[in-house]
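> please work out how this folds:
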Amino acid sequence: MGLGLRLRDALQGMSRKEKLDYIWEYYKIHIVGTIAFLFFVVFIIGGAFRSEPEVLGITVVSEADDEEIRAIEQEMYEFVFDDFDLYFEHVYHESGLLENNPYEMTERMFISLTLGQIDLFVTNVAFIEQLINEDIFVPITDKIDVSRFEEAGHELLIVDEEIYAISAKEMFPFKEHETFESSYIFFPATGRNWDRVELVLDALNEQ
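This next block holds a predicted model:
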């Protein structure tokens, strides 16, 4: 005799509540197992079709204090883009010289650059001069149209007749903080979001 027939015979003459109590008492392991299996299947299928939003990384290397950085980070995260999120990171330095900064900080920064996790790099010329000849950063004219920034009067950093950076002092939110008066926005060669960098720059420029 099958399970269905045995269960039907057992339930004969019982009230609805008695039937539910009987089924739960004798078949709860099967019920819980089935529910758990269904949840597992839904989770696996959902994970296969659900994609995390892309991330555009912005790293700032500066002497800014915690209060300034918290303000800038909050203002950065107020920007909302359709198909990607911003990730903001600040690396503190005191002198702009690599040898005067903790080894761990320098190592982490270079790992992030190598892995392509930084798409925009904000720092001053003194810091970047130590890296500009290492092919870590690229001329921005190779990647984006800078004519609108030139027309708007933005200060551009030219090295060996190539434009390598846009001044941060005219860009929101950096223009509201004197610490970034001499900072520029550089473009790592390993950046992976060149098509989105212009969207971010336009957003910063329009504020």
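> which elements pack onto the host helix or strand of D202?
For D202, the element it lies in under DSSP states H and E is helix 194-206. In terms of contacts (3 or more C-beta pairs under 8 Å, 6 or more residues apart in numbering; DSSP states H and E), helix 194-206 is packed against strand 54-62. The way it works is simple: take the backbone N, C-alpha and C, and place the C-beta from them, glycine included.
> make it 10 Å
Here helix 194-206 is seen to pack against strand 54-62, helix 66-76, strand 84-92, strand 120-124, helix 147-151, strand 162-167, strand 183-186 when contacts are counted using 3 or more C-beta pairs under 10 Å, 6 or more residues apart in numbering; DSSP states H and E.
> pick the most deeply packed of those.
Ranked by mean neighbour count, those are led by strand 183-186 with a mean of 25 (mean count of other C-beta atoms under 10 Å).
> can you give the strand pairings for that strand, parallel or anti for each?
Partner strands and pairing direction for strand 183-186 (DSSP bridges) are strand 120-124 (antiparallel), strand 162-167 (antiparallel).
> of those strands, which approaches I72 most closely?
Closest of the strands paired with strand 183-186 to I72 is strand 120-124, at 9.5 Å (criterion: C-beta to C-beta).
> what about the chain, any weak spots by pLDDT?
Flagging of the chain using pLDDT under 70 yields the residue ranges 1-11, 16-53, 94-106, 132-133, 207.
> tell me the contacts of V125?
Applying C-beta atoms under 10 Å, 6 or more residues apart in numbering, we find V125 in contact with 96, 132, 157, 159, 164-165, 182-184, 186.
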